[in-house]
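K.L.:
Got a sequence here, can you build the structure:
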Amino acid sequence: MDKRLSLYTRQSEVAYSVVGVSGEMTPRNDTASIAQLDDDSLLAVWHKYRNSSRGSSDFGKCDIAAKWSHDGGLTWQDEERIVACNPSDNNVQAPALRKLRNGDILLVCLRGHTGGESSTMDVLRSVDGGYSFHQQNPIWQKSPGQWLQGGSTSLLQLQSGRILLPFHGGEGHQASQHNVVHCYYSDDDGQTWNRNAQPLDLPMRGAMESSVAELPNGELVMSLRTQLGSVFLSRSNDEGENWQLAQTTGLKAPESSTCLRTIPNTEDLILLWNDSWYDPVHHHYGLRSPLSIALSKDQGSTWHKVGDLASHQEYNFTNIGCDWLNDEKAIISYCVYGPNRTCDNGRSGWENPDVFDLHVAIIDKDWIYSKLGN
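P.N.:
Numbers count the residues shown, from 1 in each chain. Now for the predicted structure:
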């Protein structure tokens, strides 16, 4: 077992592995997306930070790195840098992969421009099973305000064939802007993109880091990061063009990412989130621990907690991704950072921690139901 896994409490029946380890030259590994390739190997992409003056802050220098696994995610090797940060930009971050039904693999990633007030969403395409990617026209370019698709990467192809990319943003600087959620969508396998008209909004810092799942009846359900002390959900019945007013799930949460997925061949949903109390003096309004999983068997109306995948009072588990392997196993990616520090103002701080790793957990679909006795 990798010694970094011993930093926190885990589930004995769940397999874990480490994709990226932080160190002096790599202060942060974060926000991954994983795709299963035609030969059943796995491709993981994430943003990997360089040693720069901004360290592991959101505005530090980072590139998009890739690794492959040939044993179902238990080990990772053959690291490559597949998208480089432009010298004039802060970074390139928040990659998301989606294998399309035509066999192509799309990769989107966000270029954060210097100043933290504008971004470009790049699109790359692989036609050789994920071993090389070629640039396409961006989805958007030099946005008027910092538009983001990060924290919980979400790029999905709907039953109709439409590709959906939710994002959030506002006008001004990333750290201070009020955020609303929109969706870009493509009906031609990612060649061209349109944006839905109506924003989805919430109070305080707004609606952020949306994660979308499609139910068998075609309804879309979106989970949201908020500053309201709970996970909120919204719904769409027209493939993401209009979204209902977001409502609380009743699940307590800090300001942190969530990840929502449909369990294959069912009408059930799983939600990954931090099951912790709102705390106004803690960074991000509460502990980003534990990393928990819940199940809904009624399309997200009610939730039943399955368990905690990772837990430690001084470490944080967030920026979550989840993909299904052969419809039977969920491979869940998350960053691990800490320990937390107390700043001069008495608040808990998070930047430049000793550890900022990228880990994965691999769970059987049956394990989820067994924990509830079903």
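K.L.:
Identify the residues contacting Thr153.
P.N.:
31-33, 94-96, 321 (C-beta atoms under 8 Å, 6 or more residues apart in numbering). C-betas here are computed from N, CA, C, even on glycine.
K.L.:
among these, which are in strands?
P.N.:
Among those, the residues falling in strands (DSSP state E) are 31-33, 94-96, 321.
K.L.:
Make TSV from the residues you listed and add pLDDT and distance to Pro339 to it.
P.N.:
Output for these, formatted as TSV (pLDDT from 0 to 100; distance: C-beta to C-beta, whole Å):
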residue	pLDDT	distance to Pro339
Thr31	97	21
Ala32	98	22
Ser33	98	27
Ala94	95	25
Pro95	97	27
Ala96	97	29
Gly321	97	24
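K.L.:
closest to Gln77 among these?
P.N.:
Gln77 has its nearest neighbour among the ones in strands among the contacts of Thr153 in Ala32, at 15.4 Å by C-beta to C-beta.
K.L.:
Could you check how many residues crowd around the closest one?
P.N.:
Burial of Ala32 is recorded as 31 neighbouring residues (other C-beta atoms under 10 Å).
K.L.:
pLDDT weak spots in the chain?
P.N.:
The chain contains residues with pLDDT under 70 at 344-350, 373-374.
K.L.:
secondary structure class for the most centrally placed residue in it?
P.N.:
By C-alpha atoms, centre = their mean, the chain has its centre lying nearest to Ser152, at 1.8 Å. For Ser152, the assignment made with DSSP: H, G, I helix; E, B strand; the rest coil gives coil.
K.L.:
Show the contacting residues for it.
P.N.:
209-211, 223, 225, 257-259, 319-321.
K.L.:
Sketch out the strands for the stretch 101-250 of the chain, chain order is fine.
P.N.:
Under the criterion DSSP state E, counting those that start in this stretch, strands of the stretch 101-250 of the chain are mapped to 105-113, 119-126, 134-135, 147-148, 156-157, 163-169, 180-186, 194-195, 208-214, 220-225, 230-236, 247-252.
K.L.:
quick one, the second one and strand 105-113 angle?
P.N.:
Per axes from the mean of the first three to the mean of the last three C-alpha atoms, to 10 degrees, the angle that strand 119-126 makes with strand 105-113 is 160 degrees.
K.L.:
Now do strand 119-126 against strand 163-169, angle only.
P.N.:
160 degrees.
K.L.:
now for strand 119-126, which elements pack on it?
P.N.:
Other helices and strands packing on strand 119-126, by 3 or more C-beta pairs under 8 Å, 6 or more residues apart in numbering; DSSP states H and E, are strand 105-113, strand 134-135, strand 147-148, strand 163-169.
K.L.:
now the second one, how far from the centre of its chain.
P.N.:
When you say that, I think you mean strand 134-135. Remark: strand 134-135 is offset 22 Å from the chain centroid, using C-alpha atoms, centre = their mean, to the nearest Å.
K.L.:
for the third one, same thing?
P.N.:
Using C-alpha atoms, centre = their mean, we find the averaged C-alpha position of strand 147-148 to lie 13 Å away from the chain's own average C-alpha position.
K.L.:
for that strand, packing partners?
P.N.:
Other helices and strands packing on strand 147-148, by 3+ C-beta pairs under 8 Å, 6+ apart, are strand 119-126, strand 163-169.
K.L.:
what does the last one give?
P.N.:
Where contact means 3+ C-beta pairs under 8 Å, 6+ apart, strand 163-169 is packed against strand 119-126, strand 147-148, strand 156-157, strand 180-186, strand 208-214.
K.L.:
What strands line up against that strand, and which way round?
P.N.:
Strand pairing for strand 163-169, determined by DSSP bridges: strand 147-148 (antiparallel), strand 156-157 (antiparallel), strand 180-186 (antiparallel).
K.L.:
For Asp40, find the nearest of those strands.
P.N.:
Nearest of the strands paired with strand 163-169 to Asp40, taken as C-beta to C-beta: strand 156-157 at 19.7 Å.
K.L.:
now the strands of the stretch 101-250 of the chain as JSON lines including mean neighbour count and distance to Gly72?
P.N.:
JSON lines is the format used below for those (neighbours: other C-beta atoms under 10 Å; distance: least, C-beta to C-beta, whole Å):
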{"stretch": "strand 105-113", "mean neighbour count": "24", "distance to Gly72": "19"}
{"stretch": "strand 119-126", "mean neighbour count": "21", "distance to Gly72": "21"}
{"stretch": "strand 134-135", "mean neighbour count": "11", "distance to Gly72": "28"}
{"stretch": "strand 147-148", "mean neighbour count": "24", "distance to Gly72": "31"}
{"stretch": "strand 156-157", "mean neighbour count": "19", "distance to Gly72": "22"}
{"stretch": "strand 163-169", "mean neighbour count": "25", "distance to Gly72": "26"}
{"stretch": "strand 180-186", "mean neighbour count": "21", "distance to Gly72": "31"}
{"stretch": "strand 194-195", "mean neighbour count": "12", "distance to Gly72": "37"}
{"stretch": "strand 208-214", "mean neighbour count": "25", "distance to Gly72": "23"}
{"stretch": "strand 220-225", "mean neighbour count": "26", "distance to Gly72": "26"}
{"stretch": "strand 230-236", "mean neighbour count": "21", "distance to Gly72": "29"}
{"stretch": "strand 247-252", "mean neighbour count": "16", "distance to Gly72": "30"}
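K.L.:
which one of the ones you listed lies closest to His359?
P.N.:
When the strands of the stretch 101-250 of the chain are compared by C-beta to C-beta, strand 208-214 sits nearest His359, at 18.7 Å.
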